[in-house]
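Engineer: Test case, fold it:
(one chain, ligands or ions: 1)
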Amino acid sequence: MGTYVVTGAASGIGRASADRLRADGHRVIGVDLRDTDVTADLSTDDGRRAAIDAVIAEAGVRLDGAVMAAGLGPAKGRERLIVDVNVLGVTELLDGLRPALAASGNAKVVVLGSNSTTTTPMVPRRAVRRLVDGDLDGAVRQIRRRAGISGPVAYAASKIAVTRWCRIRAVTDDWAGAGIRLNVLAPGPVLTPLLQAQLESSTGSQVRSFPMPIREFGTPGQLAEWITMLLSPAANSTVGSVIVVDGGTDALIRPRDW
Ligand code: NAI
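Structural biologist: Next up, the predicted model:
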């Protein structure tokens, strides 16, 4: 049985994944703002550092995998918070935990991306490049120029950046070369508190009319099944992949982009 860290373990997809891993007999170290093993605010430098230290102290020198599910949904006025949590809450944590993951020799990491990465219009490419390069101030300045849609743009930019970060690192000596399989799961709408907040917001009608051939939201339990598989030996050959689980939206919108 393995030892796994799950961020965002107090709610939604992270919670379902932690429950599923525990039910399978694994040890799970949850990280969240509340209601789990390690309480830490991943939007701040101090919080991220404290989370890394606490996870290493709990796990010892070796971690078998990580599920990076802490995240914030689109909301106007919190562009900076979105990129802090959705980008640095993943990249800095994974950099800090990498030695413990490498010590396992066959670790698996699943990062929660999003199908907003391919379905959101007007995401400034330069903002994404800046996020990948760690210039969050510059990125947020550009995102805020998209007046009226800066919330969804910040969210999509954060998820594109974190996906790119994963794909760039996944194939390197430090990651694949150290036996760590780093992959991204890109869901469409999944019925969690994050989606519920969007449905109840002023953009709720847009969320409801989002084009989705299957016409039903995903569930946290379905995503937990995918995550469990991406942490299992079934994923030994899966490296730097983006697995889209979105009810068909991506195929509907860009059927020939392959
Ligand atoms: P959720 O809101 O149910 O859970 C997210 C968790 O992240 C919460 O427990 C929250 O406390 C934690 N979190 C937020 N800010 C934090 C911070 N500063 N420090 C520590 N923890 C923090 O959301 P859900 O839906 O389970 O989302 C999980 C991941 O999946 C997110 O990265 C989200 O962007 C992604 N996703 C969700 C989709 C959906 O429709 N629900 C669709 C596509 C991607």
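
Engineer: which parts of the stretch 51-200 of the chain sit against the ligand?
Structural biologist: Selection of the stretch 51-200 of the chain residues close to the ligand by C-beta under 6 Å from any ligand atom yields 69-72, 85, 112, 114, 187, 189-190, 192-195. From N, CA and C alone the C-beta is placed, and that goes for glycine too.

Engineer: Just the ones of those residues in strands?
Structural biologist: 112, 187 (DSSP state E).

Engineer: Which one of the residues of the stretch 51-200 of the chain next to the ligand sits in the busiest neighbourhood?
Structural biologist: Within these, neighbour counts (other C-beta atoms under 10 Å) peak at residue 69, which reaches 30 neighbours.

Engineer: That one: what's it in contact with?
Structural biologist: Contacts for residue 69 (C-beta atoms under 8 Å, 6 or more residues apart in numbering) come out as 6-9, 12-14, 17, 112.

Engineer: Grab the nearest non-local neighbour of residue 214.
Structural biologist: Counting by C-beta to C-beta, 6 or more residues apart in numbering, the nearest residue to residue 214 once its immediate chain neighbours are dropped is residue 247, at 3.8 Å.

Engineer: Burial check on the one you found, number of neighbours?
Structural biologist: Using other C-beta under 10 Å: residue 247 sits among 22 other residues.

Engineer: Touching, it and residue 219? I think so.
Structural biologist: No - taking contacts as C-beta atoms under 8 Å, residue 247 lies outside contact range of residue 219: 11.4 Å.

Engineer: Residue 31 falls within a helix, correct?
Structural biologist: No - checked against DSSP: H, G, I helix; E, B strand; the rest coil, residue 31 lies outside a helix; its state is strand.

Engineer: For stretch 80-91, measure first residue to last.
Structural biologist: 16 Å (C-alpha to C-alpha, to the nearest Å).

Engineer: my bad, stretch 27-46
Structural biologist: 25 Å.

Engineer: close to the ligand, is that stretch?
Structural biologist: Yes - applying C-beta under 6 Å from any ligand atom, one finds stretch 27-46 in contact with the ligand at 32-33, 41-43.

Engineer: Which helix runs longest in the chain?
Structural biologist: The longest helix of the chain (DSSP state H) is helix 150-170.

Engineer: That helix packs against which elements?
Structural biologist: Helix 150-170 sits against helix 79-83, helix 89-104, strand 108-112, helix 116-119, helix 125-133, helix 136-144, strand 181-187, with contacts defined as 3 or more C-beta pairs under 8 Å, 6 or more residues apart in numbering; DSSP states H and E.

Engineer: Restricting the selection to alpha carbons, write the last one to PDB.
Structural biologist: Listed next in PDB are the C-alpha coordinates belonging to strand 181-187 (Å, rounded to 0.1, in the frame of the first residue of the first chain):
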ATOM      1  CA  ARG A 181       4.800   9.800 -14.100                       C
ATOM      2  CA  LEU A 182       3.400  13.300 -14.200                       C
ATOM      3  CA  ASN A 183       0.000  13.600 -16.000                       C
ATOM      4  CA  VAL A 184      -2.900  16.000 -16.200                       C
ATOM      5  CA  LEU A 185      -6.600  15.200 -15.900                       C
ATOM      6  CA  ALA A 186      -8.800  17.800 -17.700                       C
ATOM      7  CA  PRO A 187     -12.400  17.600 -16.600                       C
END
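
Engineer: Residues in contact with it: which ones?
Structural biologist: Contacts of strand 181-187 from elsewhere in the structure, counted by C-beta under 8 Å, 6+ apart, are 13, 94, 106-115, 117, 159, 162-163, 166-167, 169-170, 175-176, 218, 223, 226-227, 230, 235-236, 238-246, 250.

Engineer: Next, the angle helix 89-104 makes with it.
Structural biologist: Orientation of strand 181-187 against helix 89-104 (axes from the mean of the first three to the mean of the last three C-alpha atoms, to 10 degrees) gives an angle of 140 degrees.

Engineer: sorry, back to before: so which of the contacts of residue 69 sit within helices?
Structural biologist: Short answer: the contacts of residue 69 in helices (DSSP H) are 12-14, 17.
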